[in-house]
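In: need a structure here:
(one chain, ligands or ions: 1)
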Amino acid sequence: MSKPKILVTGGVGFIGSHTVVELYNAGYEPVIIDNLNNSEAFILDRITQITGQKPVFFKGDVCERADLQALLEQHSDIAGVIHFAAYKAVGESVQHPLKYYHNNVSGLVVLLQELQAKGINNLVFSSSCTVYGQPEINPVTENSPVQKAESPYGNTKQICEEILTDTVKVSDTKAIALRYFNPIGAHDSALIGELPLGVPNNLVPFITQTAIGKREKLTIFGSDYNTVDGTCVRDYLHVVDLAIAHVRAIERLLNNESTDKLEIFNLGTGKGSSVKEVVDTFVAETGVNFNFVYGPRRDGDVEQVYADTTKANNVLGWKTQRDLKNMLVTAWEWEKSLSKK
Ligand code: UDP
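Out: Numbers count the residues shown, from 1 in each chain. Got it, this is the predicted structure:
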């Protein structure tokens, strides 16, 4: 007998699609809602190629009550929800704050209301290590102070965590908020991966696009930080490890293992890597050289942040399995497969 149905909002996106695959691997039956604003329908066929299963897909928007109602009417046996659907570009959020507040904040509110109307009480929420800003101490634990957000995007994640805090107090809703560090890499099959719209903002898609010849050169933002080699330090983790953490989190809710109605976990490897180390590792592992230059610091970047993963390891029972080399090699295989598409 297959395990329960899990609604995955934004299930065609980067982290969502990898999570759908891991839900199938664990025996669950995913149901996807995605408006395809920042994702592409061919990913659904790729999920089928990987898993041999055809996910139920609704083209719809979590901000649209009618879309959710129609879906939940048809699938009255959904046991839990993993909520990815949100905008995620920091720079764009500064230019278009209302677009971000509407989609990310209203989307969560409407979703929670409709789930409560149907008595669906289990929600896993995508949060971010941006809530920590530049931490005074690294690695950061879940108890490290949340700092004032640098961007409307970061603020939507903080507000959504607050909405969950208030909601679980007065309802049957139980939630787990996962604070991701820097997810990169792609599925081993190279059939799914990250699909940036336009010029990538993130480091690894920029590297792979430069290596394949789509971009002329990478600019490393800042070389005078107080770090091992002057470039910023982040905690990069493999998207497949991250996807598995979501399966573990929904399982924890379904099995009533939570000790609080809202639990928060940092998801990272616990190890910081500098931008230069990422570049050097990419070149060493793929044998592909590309041009890069050092440029000025990017506004809003923190110097370094990496996770204390003790709570995720001991309480959630999850630990990353893949290293930076594997993250970069799989990201490269994905980029090459895209260029053949
Ligand atoms: N970065 C860079 N050049 C780029 C994109 C990113 O040097 O073209 C650096 C950025 O300054 C940061 C790190 O790579 O130190 C990771 O940035 P990304 O945007 O991927 O993630 P963030 O940590 O900002 O969420």
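In: In contact with the closest residue to Val329 other than its chain neighbours: list those residues for me.
Out: Nearest residue to Val329 in three dimensions, chain neighbours excluded: Glu285, at 5.3 Å (C-beta to C-beta, 6 or more residues apart in numbering). Heads up, the C-betas are built off the backbone N, CA and C, glycines and all. Residues near Glu285 by C-beta atoms under 8 Å, 6 or more residues apart in numbering: Lys325, Leu328, Val329, Trp332.
In: State the distance from the closest residue to Phe84 other than its chain neighbours to the ligand.
Out: Spatial nearest neighbour of Phe84, excluding adjacent residues (C-beta to C-beta, 6+ apart): Gly10 at 3.4 Å. Taking C-beta to the nearest ligand atom, to the nearest Å as the measure, Gly10 falls 18 Å from the ligand.
In: Could you do Gly107 as well?
Out: Distance from Gly107 to the ligand, by C-beta to the nearest ligand atom: 21 Å.
In: Next, see if stretch 223-237 gets close to the ligand.
Out: Yes. Judged by C-beta under 6 Å from any ligand atom, stretch 223-237 comes into contact with the ligand at Cys232, Arg234.
In: Quick check: buried residues in that stretch?
Out: For stretch 223-237, a neighbour-count test (16 or more other C-beta atoms under 10 Å) marks Ser223, Tyr225, Thr227, Thr231, Cys232, Val233, Arg234, Asp235, Tyr236, Leu237 as buried.
In: So which of those residues are in strands?
Out: Among the buried residues of stretch 223-237, the members found in strands (DSSP state E) are Val233, Arg234, Tyr236, Leu237.
In: which non-adjacent residue is nearest the third one?
Out: In other words, Tyr236. Nearest to Tyr236 is Asn182, by C-beta to C-beta, 6+ apart, at 4.6 Å.
In: That neighbour: neighbouring residues, count only.
Out: 22 (other C-beta atoms under 10 Å).
In: Test my guess that it contacts His238.
Out: No. With contacts counted by C-beta atoms under 8 Å, Asn182 stays clear of His238, the gap being 10.5 Å.
In: the helices in the stretch 1-150 of the chain, which residues?
Out: 14-25, 42-51, 65-74, 90-95, 97-100, 107-117 (DSSP state H, counting those that start in this stretch).
In: closest one to Pro205 among the ones you listed?
Out: Nearest to Pro205, of all the helices of the stretch 1-150 of the chain, is helix 14-25, at 9.6 Å by C-beta to C-beta.
In: May I see the buried residues of that closest one?
Out: Phe14, Ile15, Gly16, Ser17, His18, Thr19, Val20, Val21, Glu22, Leu23, Tyr24.
In: Which strands or helices does it pack on?
Out: Under the contact criterion of 3 or more C-beta pairs under 8 Å, 6 or more residues apart in numbering; DSSP states H and E, helix 14-25 touches strand 5-9, strand 29-34, helix 42-51, helix 239-254.
In: Tell me which helix or strand in the chain has the weakest average pLDDT.
Out: Lowest mean confidence among the helices and strands of the chain (mean pLDDT, DSSP states H and E): helix 90-95, at a mean of 91.
In: right, is that one up against the ligand?
Out: No. Figure legend: helix 90-95 not in contact with the ligand (C-beta under 6 Å from any ligand atom); closest approach 6.8 Å.
In: List the contacts of that helix.
Out: For helix 90-95, contacts defined as C-beta under 8 Å, 6+ apart pick out Tyr87, Lys99, Tyr100, Thr130, Glu150, Ser151, Pro152, Tyr153, Gly154, Thr156, Asn201, Gly300.
In: Which one of the contacts of Glu285 is nearest to the ligand?
Out: For the contacts of Glu285, the closest approach to the ligand (C-beta to the nearest ligand atom) belongs to Leu328, at 12.9 Å.
In: So that closest one: helix, strand or coil?
Out: Three-state secondary structure (criterion: DSSP: H, G, I helix; E, B strand; the rest coil) places Leu328 in helix.
In: quick one: the closest residue to Gly27 other than its chain neighbours and Tyr28, what's the gap?
Out: Nearest non-adjacent residue to Gly27, counting by C-beta to C-beta, 6+ apart: Lys3, 4.5 Å away. Separation of Lys3 from Tyr28 (C-beta to C-beta, to the nearest Å) stands at 5 Å.
In: Lovely, talk soon.
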